[in-house]
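*Asks:* Structure for the following, please:
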Amino acid sequence: MRQTWRWFGPVDKVTVADARQAGAEGIVTALHHVPTGVVWSVQDIKERQREVATHADGTPTGLAWEVVESLPVSEAIKTQSGDWRGDLERYAESLGNLAACGIHTVCYNFMPVLDWTRTDLAAPTQQGGRAMVFDLVDFAAFDMHILRRAGARADYPEAVIAAAADRFTRMGAARQQALAANVTAGLPGAAEHWSLEDVRARLADYRDIDAARLRERHVAFLKAMAPVAEDLGVRLCCHPDDPPWPLLGLPRVWSTADDVRHAFDAVPSPAVGLTLCTGSFGARADNDIVSMVREFGPRIHFVHLRNVTRAADTVPCSFVEDEHLAGQTDMVAVVDALLAEERRRATEGRADRQIPMRPDHGHDILDDVARGAQPGYPAIGRLKGLAELRGVMAALEARHAAA
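*Replies:* I've put the predicted structure just below:
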């Protein structure tokens, strides 16, 4: 697999030079400063390519922008409201500009309102580092007592409701503010930053949209973009919901194998694909990720390799971001299945026979703790994960060569 590294642009405290030293072969980034629904211009794309390719002193980094993560889908497209058709046209124009600049793999997600969600961005680990956590009781406390969403109690079992009420009464103002900030955290450099009032207003936009209707909207988006992507040679790949279950009363449509199967059946274009995230899918015990690789392999266009440990096998549940080779996903088996898919592609002569992957998330360890990088995206923690995954790949490839 192609070893890539996520970079959040010039605001990122982990630099492209750090990525190069970690052994990355390519960069995954986006124009985070451009508001959702605005066209990504060729000028802006080329400027980001220059930032990736060139050190501050003008010398080459040896790296290039290879994967977009993410080109955001507007809330208007998801709700089919306002100028959503105009947003579709602008999305297609952005795809065209990316392709014109030589970038052909584009990751996106279809999560309504919130992107990935955690309740603690720096929980201490047994080894002395820091990890991200989704705590179901904390989230329920946020939902019911901080956001005060109408009807929130109906979404939780009685035991969670009681535990959340008790925990909230023991939270000081600082902890309440930190929890709200964690749940609504955006990416560094992002154009949008939402308050609790913003979240409440966005939730109202989905009042009459259930999972079936949001699925229809996703399929409609894909049907509009598939012919554009095919003509451009672009590979679209949807990132799974994170966590992979409904939050804040909002529907989710990309959480299980059945979700993927439904969209792929509805839009059979090879340009429509999947970002296989082992951490997001792995937060559900009922997702068999190795089987998903085997079933959807031809349409896996991008891979995130990370691991989680669930507190329970129920849906939803609490979970912690674990080390890449720890956790409850058999990472060796997943990598083995992905390498088998690459060999299969090679026999077909596919130009995209090498699948780009990146070590997703990582613990803050050693000097990461003082650096203060984007939560989940430290330098040394990801280097450690990439090194472990590189070792797994080398061992599996050697075993296959000897067979």
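
*Asks:* Low-confidence ranges, the chain, go.
*Replies:* Judged against pLDDT under 70, the low-scoring parts of the chain cover residues 186-193.

*Asks:* for it, what's the longest helix?
*Replies:* The single longest helix within the chain, with elements called by DSSP state H, is helix 379-402.

*Asks:* For it, name the packing helices and strands.
*Replies:* For helix 379-402, the packing partners by 3 or more C-beta pairs under 8 Å, 6 or more residues apart in numbering; DSSP states H and E come out as strand 2-6, helix 16-22, helix 331-348, strand 356-359, helix 368-371. Using the backbone N, CA and C atoms, a C-beta is placed for each residue, glycine as well.

*Asks:* Highest mean neighbour count out of the ones you listed?
*Replies:* strand 356-359 (a mean of 25; mean count of other C-beta atoms under 10 Å).

*Asks:* Direction included, what does that one pair up with?
*Replies:* strand 2-6 (parallel), strand 300-305 (parallel) (DSSP bridges).

*Asks:* The longest helix of the chain to strand 300-305, inter-axis angle?
*Replies:* Using axes from the mean of the first three to the mean of the last three C-alpha atoms, to 10 degrees, the direction of helix 379-402 lies 120 degrees away from that of strand 300-305.

*Asks:* Mind telling me what element residue 164 is part of?
*Replies:* Using DSSP states H and E, the element containing residue 164 is helix 158-169.

*Asks:* Output the helix or strand just after that helix as CSV, restricted to C-alpha atoms.
*Replies:* Stepping forward along the backbone from helix 158-169, the first helix or strand reached (DSSP H and E) is helix 173-183. Output in CSV follows, covering the C-alpha atoms of helix 173-183 (Å, rounded to 0.1, in the frame of the first residue of the first chain):
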residue,chain,number,x,y,z
ALA,A,173,-18.2,24.7,34.6
ALA,A,174,-14.7,24.2,33.1
ARG,A,175,-15.4,20.5,32.5
GLN,A,176,-18.8,21.3,30.9
GLN,A,177,-17.1,23.8,28.6
ALA,A,178,-14.4,21.3,27.7
LEU,A,179,-16.9,18.6,27.0
ALA,A,180,-18.9,20.9,24.7
ALA,A,181,-15.7,22.0,22.9
ASN,A,182,-14.6,18.4,22.4
VAL,A,183,-17.9,17.2,21.0
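
*Asks:* those strands in the stretch 151-300 of the chain, which residues are they?
*Replies:* Ranges of strands within the stretch 151-300 of the chain are 235-239, 272-277, 300-305, based on DSSP state E, counting those that start in this stretch.

*Asks:* circling back: buried ones in the longest helix of the chain?
*Replies:* Neighbour counts over helix 379-402 (16 or more other C-beta atoms under 10 Å) mark 379-386, 388-389, 392-393, 396 as buried.

*Asks:* One more: stretch 71-81?
*Replies:* Applying a neighbour-count criterion of 16+ other C-beta under 10 Å, the buried positions in stretch 71-81 are 71-79.

*Asks:* Just give me the closest of the residues you listed to residue 22.
*Replies:* When those are ranked by distance to residue 22 (C-beta to C-beta), residue 71 comes first, at 25.0 Å.

*Asks:* what helix or strand is that closest one on?
*Replies:* Using DSSP H and E, residue 71 sits in no helix or strand.

*Asks:* Now do the same contact list for it.
*Replies:* By C-beta atoms under 8 Å, 6 or more residues apart in numbering, residue 71 lies in contact with 30, 40, 91, 94-95, 98, 106-108.

*Asks:* Roughly how far does the residue positioned nearest the centre of the chain sit from residue 388?
*Replies:* Centroid-nearest residue in the chain: residue 239, 5.4 Å away (criterion: C-alpha atoms, centre = their mean). Applying C-beta to C-beta, to the nearest Å, the value for residue 239 to residue 388 is 22 Å.

*Asks:* Also residue 158?
*Replies:* Separation of residue 158 from residue 388 (C-beta to C-beta): 41 Å.

*Asks:* re earlier: okay if I get the buried residues of stretch 71-81 as a markdown table plus distance to residue 200 and secondary structure?
*Replies:* Formatted as a markdown table, these follow (distance: C-beta to C-beta, whole Å; DSSP: H, G, I helix; E, B strand; the rest coil):
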| residue | distance to residue 200 | secondary structure |
| --- | --- | --- |
| 71 | 27 | coil |
| 72 | 21 | coil |
| 73 | 21 | coil |
| 74 | 19 | coil |
| 75 | 14 | helix |
| 76 | 18 | helix |
| 77 | 21 | helix |
| 78 | 17 | helix |
| 79 | 15 | helix |
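
*Asks:* Let me see the ranges of the helices in the stretch 1-150 of the chain.
*Replies:* The residue ranges that make up the helices of the stretch 1-150 of the chain, judged by DSSP state H, counting those that start in this stretch, are 16-22, 42-53, 75-79, 84-100, 136-141.
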